[in-house]
Structure formats: structure tokens, C-alpha cells
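> quick one: sequence and predicted model below, then my questions.
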Amino acid sequence: MFSRLRRSYDRYWYAWAMALPVTLVLLVLVGYPLVMGVYYSLTNINDLNMGRTIGANHIPASFRSVGLHNYGYILSGGDGQFYQTLVWTLEWTVGCVVPTVGIGLGLAQLLNRRLRGRGVYRVLLILPWAVPSFVAAFSWRLILNSPNGLLDWVFTRAGLPAVDWLGSATGAKFSVILVNVWIGVPFMMVAFLGGLQAIPGELLEAAEVDGASPLRRFLHVTMPGLRPVATTVTLLGVIWTFNQFAIIYLVTAGGPGGATNILVTQAYNDAFSQTRDYAGASTYGVIILSMLLLFATFYRRALGRGQEAAA
Amino acid sequence: MTARTVSAVRSAPDESGAPAAPRRSYRRGRRSPAASAALHLTLLVASLIAAAPVLWVVLTSFKPDSTVEMTDQLGPLSLHNYRVVLQQGFGGWILNSLIVAAGTMVFGVFIAATAGYAVSRMRFPGARPLMWLFLVVQMFPVAVLIVPLFVVLKNLHLLDNLLGLILVYATTAVPFCAWMLKGYFDGIPTAIDEAGRLDGLSPFGTFWRLIVPLARPGLAVTAFYSFLTAWGEVAYASQFLQSPDKYTLPVGMQTFVNQFVADWGPMAAGAVLIIVPAALVFFLVQRHLVAGLTAGTAKG
């Protein structure tokens, strides 16, 4: 046993030494806070009982363990917002990822051909990605502002009723999805363009010679070729959207009345707005992370099975 | 899989022997004028939707207070809003953002590079869990770490401190950089490493003298991306920075537009001042961005 350890040390010490700095940093900066976060979720810590030092006086921490009470409270719907927020978080994720991937794929298809002004279109279509997302959020607030914003102006000119975009629950939900899709499409488009260009031209030519219609060429040659890119960007898109903080926080701040709060912004509000309920926020954090891990595991497994079937 | 697709497609015409005429209409790369017009129209509308918000902000930034909320009136255009923004500490916010972003970038790339190389080139127990860790930590939602990090920084007296913020950003930057760099190192032929070893270089020597110079474009893109994320981060910065002279851009901009005030003019001017340099740099490097992001995952 000991000699085996010794031998593996002799063989691997170089690799371990090179991986050591990262491991240490992750242990200190991620591992320790994560453990603390899980611990906080089992206590009743808040801003008042966490202990503090004012001048020379040190007030000791007085929070205590409450076991799984926080989880029971939240998962049983006791805080009156968890399930409502969860449903909207799922709607938000699907509502953002599906159009983003769809429009991105569509635009990539349109751009992936000989076309006058292709370069100009490409630059213009990528523009939303080049704008930092916090700037985009502020800019869209200006446009969605009612009744004097640009969007309402366009609506009234088109003979449609003006909409209170950020003031009503439905309007605000639509608005944050709109902004997030606007920001997200260019990444998907560029990723799909790369994927399309990696599909060998001979394959499409062969299909064309065989008389396959454009639709069938797309379904049977292009789509299988795009599979690796599509699965990757969909996974990234889901994770990014599920965790998206800046857009919701800056465009609606979760409002009106918490209607657009997703789980992440909800936890943030619990921790840092009026109540400063650190324990509740930590519990939310642990629940969110567990859901993401579950999702990623299932996604990878489903993917693995799919690839085996295809191969 | 590809081979089979080809053979399946190739075998079709012998059986069907389809006539030549209907095939012509399916030709790639040729369009009827109507199809061409539809294509350009779609792309024009999409481009308009993509560009209009940005143009609108640019226009708004020049408007005077009196017409800033009026969509169909311009009023006398001027640089007034820019003057207001610059007087309100905008320069300081930019400087703070640059410090935090550059610090995060340097920290992330330096710490992560050797680990990315080790995972890419060496087989060792712990390599797979490490890759998995890099992926999972990037998925961490803000909500998981923000409270403990808040408490830790508070105890270390690093709240309201740019160094504290750099450490916080390292939690995502380090695994992200390691993940990206592993993907780039995978793309460099191992023959180079072998040549280095034959010439008597240590593994680290090989990495430092041969691989790092070759991976420079990958390093640059990774660095740029971690810079971008730190530069635009909202959640941590909004809570951890408390005094206005420490604000980074996303926090500072919130002083113009929040629940209580909406100073659209200065906000728009600030936005333009951020967008112009950000977009210029972005367009220089963006071609390399996606390749790096998706490469790691595809091979992981």
C-alpha cells in the first residue's frame, strides 16, 4: 500500500505540482465559502446575529443551528414565493434559450452563403454581443420606458395600444426575455456559423446531386453536422440563462412586486435588501446549485447515450 | 457516422434515377430574385433590430434634458451630457473597472495555465475530477457563494476594496481560464512536447519555452474573456463596493438609473463612452472567442 503510494507519487508528482496552484486557489476561494454556505443554510444567521466589531467592542456571533428547517420551510412553500419563482425561472430559461438558439441558427443559415453585404450584416448582427450587458440593460430601460420610450412610440405609430412594459407583470416578463434574447443571439449565431463552416461542402454537394431538397439537406446533412455545436451551446445557454443576474437586476430589479425575480435574484434580494436573511439566501443558493448539477448530469448522460446511438 | 451518411446519400440516385429538370431548382448558391430579396429583407430587419437600440442610445446621449424623454423631437444637440457624466466620477469608475478586470485577468491566466497544461498533456489520477471541477465551478450561481464571501471579506476588512473584488472574481475566472486553456493546449501537437523532452527540457521547461509561445493567441483570448466578465460584473460589485470612489462602471452607472431616478441623458452618454472602446476591442478578437468556448466542451 505504502509503496504503491510512493510509486504513484514518483510518477505523478510533476503533474500534481502543476495542478497545485489552481487546486489551492479553488479550495480557498470556492471550497471554503461553499462549505460555509452550506453551513449557513443550516443556521438562522442574518445581519443582526452574525457578530461584528464596532470600534473596540466585539459583539460575538449569536446565530444557532436550526437543522434542515430552512430547507423544509422553503421547499414546503412556507416563504410563499419559492414555487412561483421556480416556475417563472423555468419559463424564463426556456423562453430565452429556445428563441436564442432558433434565431441564432436561422441567421447563421442565412449568412452562410454567398451574399452581397455579408460582412456588413455580420458586423451589425454581432453588435449586441459587443455591447457590455450592463450597458445593454440600461439602454433597453430607456427604450422600454413608458409611455415615452421608443418601443411604445413605435407601437402607437403602428396603431397598437401602448404597453406598460416595465410596470405590469406580463409586460416586465416579456421585456426581460426580449432583452436577454437580444443580447444572446449573436453568440449563438457565431457559434452556429462556425459549425456550419465545419461541415464538408462535399457532403452537401453529394446530397444535392442526389436530388435532396434544401429542407432534406438541412435535416439530414446540416443538422447532424451541427449536433456537437448545438448541444454545447444549448447547455451553455441554459446555464447562463438560469444564472443570469445582471439583466433582471438592472432592467426590472425583480419587479414589479417580485414578478420577474428568478431564483438567483430572489436569493440576492433575500440576502441584501430589507431582511438581510443570510440563512435563507444560502439555502436558496444550495437548492439552485443542486438543480443545476442535476440538470448537467442528466444532460451529459442523455448526450452520451445519444452519441452511442448515433455511432 | 459521416461515412455512413455519405454512402447512404450516394446510393440513392442509382435506384431513383431522378430526372435532371427538377433538380436544378434545388441548386445551392443560386437564388431566384425573389428569394434573394426575401433573404436581404430578413437580414435587413434583423440588423435593424440588432443595431437600433445602440443607435438610439447614441442619439439620446446628445439630446438636451428638455427633449430626452420625447421620441419625436431632437432639440439642440450638444455634448452637455458627456460633460455631466465626466464630472460625476466616470473617469474614476473606468479606472476602478480597469484595475479589477486587469487584476482578475492576470491572476486567472497565471494560476490556471499550468493546470490547463497538466490536464491536457499528462495522465494522472485526479485529472478527470479536476476538469469536472472546472466545469462545475463555472456553473455556480452567484447566490451560492455571495453570502459566505461577503462574510469572509467583511472579516478580512476587504469589503469596499478592489483587491477583495479581484479575489471574488477569481472564483469564476480561474476555473474558466483553466478550462479554456486546456482546450487550446489540446490543439497544439504533442510532437512538440516530445521534441522538447528529447532536447532535455523538463516538463515545465517544455510548457514554458515551447507551448506558451505557441498558445499565445489562445492565452490572449482567454485573458480577454476573463477581462470582459470581470469588467461587466454586477452582482458582487453592487454589494461589495460601498463608497462612490470605489465604484466600478456597472455600479456607477446605477447612480444614473435606478428605482428612484432616471437621468437618461448622462446614462446614455456614459453608455456611449463604454460601448465605443469595448466594441472596437471586441470586434478585433471576437472571431477567436467562440472557438475557444466550444472547443473545451467538445473535447472534455
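Right, received. Where do you want to start? Numbering: from 1, shown residues only, chains lettered A, B, ... in the order given.
> what secondary structure does B:Phe260 sit in?
coil (DSSP: H, G, I helix; E, B strand; the rest coil).
> quick check: the gap between it and chain A.
11 Å (Cβ to the nearest Cβ, to the nearest Å). The way it works is simple: take the backbone N, C-alpha and C, and place the C-beta from them, glycine included.
> tell me, how many residues neighbour that residue?
When neighbours are defined as other Cβ atoms under 10 Å in any protein chain shown, B:Phe260 has 5 of them.
> with A:Gly184 instead?
Neighbour count of A:Gly184, defined by other Cβ under 10 Å: 26.
> residue boundaries of the helices in the stretch 101-250 of chain A?
Secondary structure of the stretch 101-250 of chain A by DSSP state H, counting those that start in this stretch: the helices cover A:118-130, A:133-144, A:150-157, A:169-197, A:201-209, A:214-217, A:223-242, A:246-251.
> quick one, which of the ones you listed is nearest to A:Met50?
Taking Cβ to Cβ as the criterion, A:Met50 comes closest to helix A:246-251 out of the helices of the stretch 101-250 of chain A, the separation being 23.7 Å.
> kindly export that closest one (C-alpha atoms) in PDB.
This file holds the C-alpha atoms of helix A:246-251, laid out as PDB (Å, rounded to 0.1, in the frame of the first residue of the first chain):
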ATOM      1  CA  ALA A 246     -27.400  41.400 -14.400                       C
ATOM      2  CA  ILE A 247     -30.300  41.600 -16.900                       C
ATOM      3  CA  ILE A 248     -33.100  41.100 -14.400                       C
ATOM      4  CA  TYR A 249     -31.500  43.100 -11.700                       C
ATOM      5  CA  LEU A 250     -30.800  46.100 -13.900                       C
ATOM      6  CA  VAL A 251     -33.900  46.100 -16.100                       C
END
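> report the angle between the helix or strand that it is followed by and helix A:223-242.
The C-terminal neighbour of helix A:246-251 among helices and strands, as given by DSSP states H and E, is helix A:263-272. With axes from the mean of the first three to the mean of the last three Cα atoms, to 10 degrees applied, the angle from helix A:263-272 to helix A:223-242 works out at 20 degrees.
> so how far is the next helix or strand after helix A:263-272 off the chain centroid?
Downstream of helix A:263-272, the first helix or strand assigned by DSSP H and E is helix A:278-310. The gap between the average C-alpha position of helix A:278-310 and the chain average comes to 13 Å, counting by Cα atoms, centre = their mean, to the nearest Å.
> again, but for stretch B:52-65
Here stretch B:52-65 is found 25 Å from its chain centre; the criterion is Cα atoms, centre = their mean.
> next: stretch B:45-57.
With Cα atoms, centre = their mean as the basis, stretch B:45-57 stands 21 Å off its chain's centre.
> quick check: mean pLDDT across it?
Here the mean pLDDT over stretch B:45-57 is 91, rounded to a whole number.
> cool, stretch B:147-159 as well?
Mean per-residue pLDDT for stretch B:147-159: 88.
> tell me the contacts of the closest residue to B:Val142 other than its chain neighbours?
In space, B:Val142 comes closest to B:Ala235 once its chain neighbours are excluded; the distance is 4.5 Å by Cβ to Cβ, 6 or more residues apart in numbering or on different chains. Applying Cβ atoms under 8 Å, 6 or more residues apart in numbering or on different chains to B:Ala235 gives the contacts A:245-246, A:249, A:268, B:142, B:146.
> closest to B:Asn96 among those residues?
Out of these, the one with the shortest distance to B:Asn96 is A:Ala246. That distance is 17.5 Å, counting by Cβ to Cβ.
> just the pLDDT for the closest one.
For A:Ala246, pLDDT reads 90.
> just give the nearest non-adjacent residue to the spatially most central residue of chain A, would you?
Ranked by distance to the mean C-alpha position of chain A (Cα atoms, centre = their mean), the top residue is A:Trp240 at 1.9 Å. Nearest residue to A:Trp240 in three dimensions, chain neighbours excluded: A:Gly184, at 7.7 Å (Cβ to Cβ, 6+ apart).
> wait, that neighbour touches A:Gly102, no?
No: using Cβ atoms under 8 Å, A:Gly184 and A:Gly102 do not qualify as a contacting pair, with a distance of 11.2 Å.
> ok, so of the contacts of B:Ala235, who is nearest B:Lys154?
Looking across the contacts of B:Ala235 and measuring by Cβ to Cβ, the closest to B:Lys154 is B:Ile146, at 12.2 Å.
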